[in-house]
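Visitor: any chance you can model this:
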Amino acid sequence: MKETITALPTEQNNPRTVDIDRVPTDEMMRLLHGETKRAVEAMSDALPALAALADEAAKRLSCGGRMFYAGAGTSGRIGVLDASELPATYGVEPSLVTALIPEGYDTVYDARLGDEDNEAFAVEDLKAQGLCAKDIVVGIAASGRTPYTRAALRFAASCGAFAAAIVNVPASQLAKEAHLTVVIPTGAEPIQGSTRMNAGTTQKLALNMLSTAVMIRLGKVYQNRMVEITAINDKLEERGVQMLRELTGASEHACREALTAADGHVKTATAMLLLSCDADEARRRLAACGGRLTALLKEETL
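Guide: Have a look, this model is predicted:
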């Protein structure tokens with residue numbers, strides 16, 4: 001029997017918020033906050049699967065693979081947001097993590113343009129990206145039933161790529177297409193069916209943690225600093241200098257000089273100051289360690 005949308009936990013009516021349109025605004029905020037906390041708490045049981053997904057993604061990206069997010073509606077927009085933030089935060093090429101959404105990025109602003117029921121769009125989008133066996137595709141869907149997202153995972157698996165799912169209902173259709181599924185059971189939304197709220201919040205958190213963990217494993221973080229940034233404006237320069245002072249104990253003047261010599265790249269400047277070498281030598285030694293400053297400094301083995 002075909003699953004109906006009304007049978008999904010994310011589509012049920014929430015008895016805790018049934019009077020939300022009749023309470024004072026401060027009480028409304030308390031209700032919404034309480035529902036958000038419930039959603040975040042629902043992530044706890046999903047953490048082992050999310051960790052396994054991060055390890056798989058890091059392994060593939062470190063061997064030349066790429067990661068694709070596939071989703072429609074709110075899920076697609078969240079994927080676009082996460083992928084778009086990574087180049088500026090971690091200095092990676094935009095092609096390393098790409099978000100796919102039915103009929104392109106114009107649908108981020110106008111949902112009427114995206115046909116999430118068209119499975120062929122997912123195949124076309126992944127073919128256009130040259131999907132290969134080294135890659136990983138992460139399908140994101142609150143319901144786990146979106147045809148576009150399911151087709152993306154099905155095609156990924158047929159290409160030998162790794163297919164993963166992030167969903168908000170157990171035993172979903174999407175899970176059947178995935179090698180690994182992260183289930184975050186958020187249940188009924190505070191506004192019935194508005195999965196941009198609790199389900200969307202947990203999807204954003206899951207992608208935040210996933211991409212951050214992957215970047216850490218790829219050596220884009222030293223200690224807990226995003227040392228891969230390049231100082232391209234005054235704000236980033238000041239952030240870089242402060243980071244260098246904390247990491248190396250060098251004077252502000254020495255940090256600014258090193259950052260300039262490193263063309264604004266904080267990781268290179270850090271290696272210069274800690275190893276007492278010039279920028280070219282720092283780059284050479286970092287490259288020999290796969291860009292991992294932690295490994296270069298022999299503080300720990302990743």
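Visitor: from here on, contacts and neighbour counts on C-alpha atoms
Guide: Noted.
Visitor: any idea which element the residue nearest in space to the middle of the chain lies in?
Guide: In the chain, the centroid-proximal residue (C-alpha atoms, centre = their mean) is L207; its distance is 3.2 Å. Applying DSSP states H and E as the criterion places L207 in helix 198-217.
Visitor: so which bits of that helix are buried?
Guide: 198-204, 206-217 (16 or more other C-alpha atoms under 10 Å).
Visitor: quick one: the strands in this protein?
Guide: 67-71, 97-100, 136-141, 162-167, 180-183 (DSSP state E).
Visitor: pick the most buried one from those strands.
Guide: strand 136-141 (a mean of 30; mean count of other C-alpha atoms under 10 Å).
Visitor: tilt between that strand and strand 162-167?
Guide: 20 degrees (axes from the mean of the first three to the mean of the last three C-alpha atoms, to 10 degrees).
Visitor: export strand 136-141 to CSV, keeping only CA atoms.
Guide: Once non-C-alpha atoms are left out, strand 136-141 reads as follows in CSV (Å, rounded to 0.1, in the frame of the first residue of the first chain):
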residue,chain,number,x,y,z
ILE,A,136,29.2,10.4,-1.6
VAL,A,137,25.6,11.6,-2.0
VAL,A,138,23.7,12.6,1.1
GLY,A,139,20.0,12.8,0.6
ILE,A,140,18.0,15.0,3.0
ALA,A,141,14.3,14.8,3.6
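Visitor: tell me which of the strands of the chain lies nearest to S84.
Guide: strand 97-100 (7.9 Å; C-alpha to C-alpha).
Visitor: low-confidence ranges in this protein?
Guide: Within the chain, the segments meeting pLDDT under 70 span 1-6, 111-114, 299-302.
Visitor: how's it carved up into domains?
Guide: Using automatic domain parsing, the domain parsing of the chain gives 25-217, 234-296.
Visitor: how far does the longest one sit from its chain's centre?
Guide: Pointing back at domain 25-217 there. Relative to its chain's centre, domain 25-217 lies at 8 Å (C-alpha atoms, centre = their mean, to the nearest Å).
Visitor: list the buried residues in stretch 49-69.
Guide: 50-51, 53-61, 65-69.
Visitor: just stretch 83-98 next, same as before
Guide: Per 16+ other C-alpha under 10 Å, stretch 83-98 contains these buried residues: 83, 86-87, 89-91, 96-98.
Visitor: quick one, helices of the stretch 101-250 of the chain?
Guide: Ranges of helices in the stretch 101-250 of the chain, per DSSP state H, counting those that start in this stretch, are 119-128, 147-158, 198-217, 234-248.
Visitor: against which helices or strands is the last one packed?
Guide: Pointing back at helix 234-248 there. Helix 234-248 is packed against helix 252-261, helix 266-275, with contacts defined by 3 or more C-alpha pairs under 8 Å, 6 or more residues apart in numbering; DSSP states H and E.
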